[in-house]
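Q: Mind folding the following:
(chains A and B)
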There are 2 protein chains.
Amino acid sequence: MTDQQAKRVWSEAELAELATRALIGLGLTRQDATDAARVLVLAEMFGLSTHGVSRIESYGERLQIEGINPRPSITLESVAPALVRIDGDNGVGPLVGMRALDAAMEAASTTGVALALARGSNHFGPVSPYCHIAAEAGFASLIGSNATTTIAPWGGREARLGNSPCGFGFPNPGGDPIILDMAISVAARAKIRNAAKAGQPIPDTWATDRSGRPTTDPNEALNGFLLPIGGHKGYGLALIVDLLAGVLSGAAYLTHVKSWVDSPEEPQNLGHYFLLIDTRRLGETNWLSARMNDFADILHSTPSADSSTPVLVPGEIENRNLARARREGVLLDPSLLAKLQAFAGSAAAA
Amino acid sequence: MTDQQAKRVWSEAELAELATRALIGLGLTRQDATDAARVLVLAEMFGLSTHGVSRIESYGERLQIEGINPRPSITLESVAPALVRIDGDNGVGPLVGMRALDAAMEAASTTGVALALARGSNHFGPVSPYCHIAAEAGFASLIGSNATTTIAPWGGREARLGNSPCGFGFPNPGGDPIILDMAISVAARAKIRNAAKAGQPIPDTWATDRSGRPTTDPNEALNGFLLPIGGHKGYGLALIVDLLAGVLSGAAYLTHVKSWVDSPEEPQNLGHYFLLIDTRRLGETNWLSARMNDFADILHSTPSADSSTPVLVPGEIENRNLARARREGVLLDPSLLAKLQAFAGSAAAA
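A: Residues are numbered from 1 along each chain as shown, chains lettered A, B, ... in the order given. Presented below is the predicted three-dimensional model:
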């Protein structure tokens, strides 16, 4: 790879083609690869590079040992007019996710509201791309997934639930949607790792040590458990995500979710939920955009505690990043690019 | 009132009759009063006495000056098979709430999933009674309401959103449902008032002063704003509740919600959402109860950080209180009883 290649700027279409070819190289069909790539590329355009096309590398490790099935037979079952069940057959998460999202949007177009519950899936990427795709099509969305256990139940000292991601999206016809995409922990594990590397203490609200007691020592925290936001409230919210994504879907839940790290060759059987509301049934486009713009205006016009940081609306930074990335393209880390190209190369060779 | 009356124990049926008669005394029809009382009595049985029949007193103040309409014409509009819109005509909140819950359960029985959006409503009591009623009928539920503004947007210094209550319920056929009922603030305002009375400092995570800066002084906090759980995450969650309950329903939202205290004679136009999933479509009763019991067992068997406080599942304390209250009855505060009897007496006199 030349320096020029490493520094080149990628358009959304080019990045999608690269990601698609990498996934084809890992064994997916072109159609499946295209659908899965869409989620990861959108994450990259949002500036969420930790959850963007870099994920193809970790998915790839498991695809190559068939811990993830590269050629799944994903099946859909309509159990009621507004309720669809999806079996992902251990396919790549964003592929199963896109199939479930599409099924939920189709059902909600008919019934006004619909829920797709997916089982037999894997890490499905960040939530915001799904919410964005739904919002562009006029749907409000509540979407989430369960995850490998990293959080102890409130008052406990053993990891028994995941730091489950959940997201919410609200369309604003002609403007930017409001999208909240969050995990339930106060801080991400990566932030604790960074503090440990820097030899810095962490706030005692981030994590506990191994015995379940709050700690300011990042090394103790890495051997302990992430703390949920709001104590028992966040613990409860993480359970709700798992009840929807895991228990109701027929997927694994809590400690039944296999660890990606400890058993990479075993199916994780993760579950997801996609709950959609067709806002077009509620009023004219203008009705909704007037309300959404007014809603954002009320928040934006709040006097800020620190005049250098204005009040934001959830998803605002990602919306701005997306607009800029679509205008200017995005850069890729050279080593990541090399890996994607190597995966893509095996597709060309195959 | 004799001492004996003050100390008597009330059964659920007796309390329901007392609450119903009090609401009739405040101008409601018997049917409307019965439905509204059901929510408040269930709250009382859960041990949530701050959100139980005592609310009839504050509803009563507004009913008597017609800030709440005692004889609303509540209308339902089915905008899609799984989507119902309700106009509460400024009726008592728990009455509008029960009408919306019933409409959502009826639609979800047909379509598997359904959403009822209510506008033109008032404070609808706590969320857990609705989730409990839904769970008893086999429905998982996501229910919430917007509220008078008490929280500043994250980084702001003016109250522009409510401490919106939201709840989630999951049925466990033959056993106890899992129910989470929470507001988005770290702590309730009442806890800050208690600290102020006791002259005790509060943790700096509970509230900010008037300028939006975290404070440990409860008096400064009472002039400032409640802090949401998880900072920007809780801020986002409070907005999501208002987007569903306020923006999509056609109700007021954010600062458009009128203050109950400042303008008791003006309609608040609160909104609620009731999103229901018919779990009977997903598997046999035994399938769900096996999964729900296993889910609770995994949590209960977690070693606890402090051996004197075992790990709990959301709603466990309320479920226990309900069982005991149904066995033994509940006590009422004598001054509250006197007020309810006075309201009920005006019904008898009318």
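
Q: So for the most centrally placed residue in chain A, what's the pLDDT?
A: For chain A, the residue nearest the mean C-alpha position is residue A:126 (1.5 Å; Cα atoms, centre = their mean). The model reports residue A:126 with a pLDDT of 96.

Q: cool, and residue A:8?
A: Looking at residue A:8, its pLDDT is 87.

Q: still on that earlier bit, which residues sit in contact with the residue nearest to the centre of chain A?
A: Neighbour list for residue A:126: A:39, A:43, A:46, A:48, A:51, A:165, A:167, A:181 [criterion: Cβ atoms under 8 Å, 6 or more residues apart in numbering or on different chains]. C-beta: built from backbone N, CA, C; applies to glycine.

Q: Can you report how many residues neighbour the closest residue to residue A:306 other than its chain neighbours?
A: In space, and not counting its chain neighbours, residue A:306 is closest to residue B:155: 6.9 Å by Cβ to Cβ, 6 or more residues apart in numbering or on different chains. Look at residue B:155: counted by other Cβ atoms under 10 Å in any protein chain shown, it has 17 neighbours.

Q: list the contacts for residue B:155?
A: A:304, A:305, A:306, A:309, A:310, A:311, A:312, B:212 are the contacts of residue B:155 under Cβ under 8 Å, 6+ apart.

Q: Looks to me like the fifth one is in a strand.
A: No - applying DSSP: H, G, I helix; E, B strand; the rest coil, one finds residue A:310 to be coil, outside a strand.

Q: Show me what the closest residue to it other than its chain neighbours is bridged to.
A: Closest residue to residue A:310 apart from its sequence neighbours, by Cβ to Cβ, 6+ apart: residue A:304 at 5.5 Å. In this entry, residue A:304 is beta-bridged to residue B:156, by DSSP bridges.

Q: tell me the pLDDT at residue A:304?
A: At residue A:304, the pLDDT value in this model is 93.

Q: ditto for the one 4 residues further on
A: Taken from the predicted model, the pLDDT recorded for residue A:308 is 89.

Q: what about the strands in chain A?
A: Taking DSSP state E to define them, one finds strands in chain A at A:9-10, A:75-80, A:83-87, A:113-121, A:139-145, A:149-151, A:161-162, A:166-170, A:178-182, A:207-208, A:225-226, A:270-278, A:330-331.

Q: So which of those strands is nearest residue B:281?
A: Of all the strands of chain A, strand A:75-80 sits nearest to residue B:281, with 4.7 Å by Cβ to Cβ.

Q: neighbouring strands for that closest one, and are they parallel or not?
A: In the sheet, strand A:75-80 lines up with strand A:83-87 (antiparallel) (DSSP bridges).

Q: List of residues touching the partner strand?
A: Contact with strand A:83-87 is made by A:74-79, A:96, A:99-100, A:103-104, A:107, A:114-120, A:249-250, B:111-113, B:277-278, B:281-282, as judged by Cβ under 8 Å, 6+ apart.

Q: Hmm, residue A:28 is touching residue A:74, no?
A: No - between residue A:28 and residue A:74 no contact is recorded; they are 12.0 Å apart, counting by Cβ atoms under 8 Å.

Q: what residues do these two have in common as contacts?
A: Common contacts of residue A:28 and residue A:74, defined by Cβ under 8 Å, 6+ apart, comprise residue A:95.

Q: So which of these two has more stuff around it?
A: When residue A:28 and residue A:74 are compared for neighbours, residue A:28 comes out ahead with 27 against 21, by other Cβ under 10 Å.

Q: how close does the more buried one get to chain B?
A: Distance of residue A:28 to chain B, computed by Cβ to the nearest Cβ, to the nearest Å: 30 Å.

Q: what's the answer for residue A:136, then?
A: Residue A:136 sits 17 Å away from chain B, going by Cβ to the nearest Cβ.

Q: contacting residues for that residue?
A: A:171, A:177.

Q: And residue A:111, by the same measure?
A: Taking Cβ under 8 Å, 6+ apart as the test, what residue A:111 contacts is A:81, A:82, B:80, B:81, B:82, B:83, B:111, B:113.

Q: Can you pick out the ones from the contacts of residue A:126 that are in helices?
A: If you go by DSSP state H, those have A:39, A:43 in helices.

Q: Quick one: the contacts of residue A:126 as JSON lines, columns for neighbour count too.
A: Shown next, in JSON lines, are the contacts of residue A:126 (neighbours: other Cβ atoms under 10 Å in any protein chain shown):
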{"residue": "A:39", "neighbour count": "29"}
{"residue": "A:43", "neighbour count": "26"}
{"residue": "A:46", "neighbour count": "24"}
{"residue": "A:48", "neighbour count": "19"}
{"residue": "A:51", "neighbour count": "20"}
{"residue": "A:165", "neighbour count": "24"}
{"residue": "A:167", "neighbour count": "25"}
{"residue": "A:181", "neighbour count": "26"}
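
Q: Check the contacts of residue A:126 and tell me the two furthest apart.
A: Farthest pair in these, by Cβ to Cβ: A:46 and A:165, 14.0 Å.

Q: ok, back up a step: give me the spatial nearest neighbour of the residue nearest to the centre of chain A, chain neighbours excluded.
A: residue A:51 (4.0 Å).

Q: That neighbour reaches residue A:42, doesn't it?
A: No - with contact defined as Cβ under 8 Å, residue A:51 does not count as touching residue A:42 (10.2 Å).

Q: which residues does residue A:195 contact?
A: Residue A:195 touches A:201, A:202, A:218, counting by Cβ under 8 Å, 6+ apart.

Q: List only buried entries from those.
A: For the contacts of residue A:195, a burial check counting by 16 or more other Cβ atoms under 10 Å in any protein chain shown picks out A:202, A:218.

Q: nearest to chain B, of the contacts of residue A:195?
A: Nearest to chain B among those: residue A:202, at 15.1 Å, using Cβ to the nearest Cβ.

Q: so what pLDDT did the closest one get?
A: Residue A:202 is assigned a pLDDT of 95 by the prediction.

Q: What segments of the stretch 101-250 of chain A are helices?
A: A:128-136, A:189-198, A:218-222, A:232-242 (DSSP state H, counting those that start in this stretch).

Q: Quick one: check the shortest one for contact with chain B.
A: Read it as helix A:218-222. No - applying Cβ under 8 Å from any Cβ of the partner chain, one finds helix A:218-222 separated from chain B by no less than 13.7 Å.

Q: Low-confidence regions, the stretch 201-350 of chain A specifically.
A: Low-confidence regions of the stretch 201-350 of chain A, defined by pLDDT under 70, span residues A:347-350.

Q: switch the cut-off to 90
A: For the stretch 201-350 of chain A, the stretches with pLDDT under 90 are A:205, A:211-212, A:258-266, A:305-308, A:346-350.

Q: So the nearest residue to residue A:266 once chain neighbours are set aside versus residue B:17, what's the distance?
A: What sits nearest to residue A:266 in space, not counting adjacent residues and going by Cβ to Cβ, 6+ apart, is residue A:258, at 4.8 Å. Remark: distance between residue A:258 and residue B:17 (Cβ to Cβ, to the nearest Å) = 54 Å.
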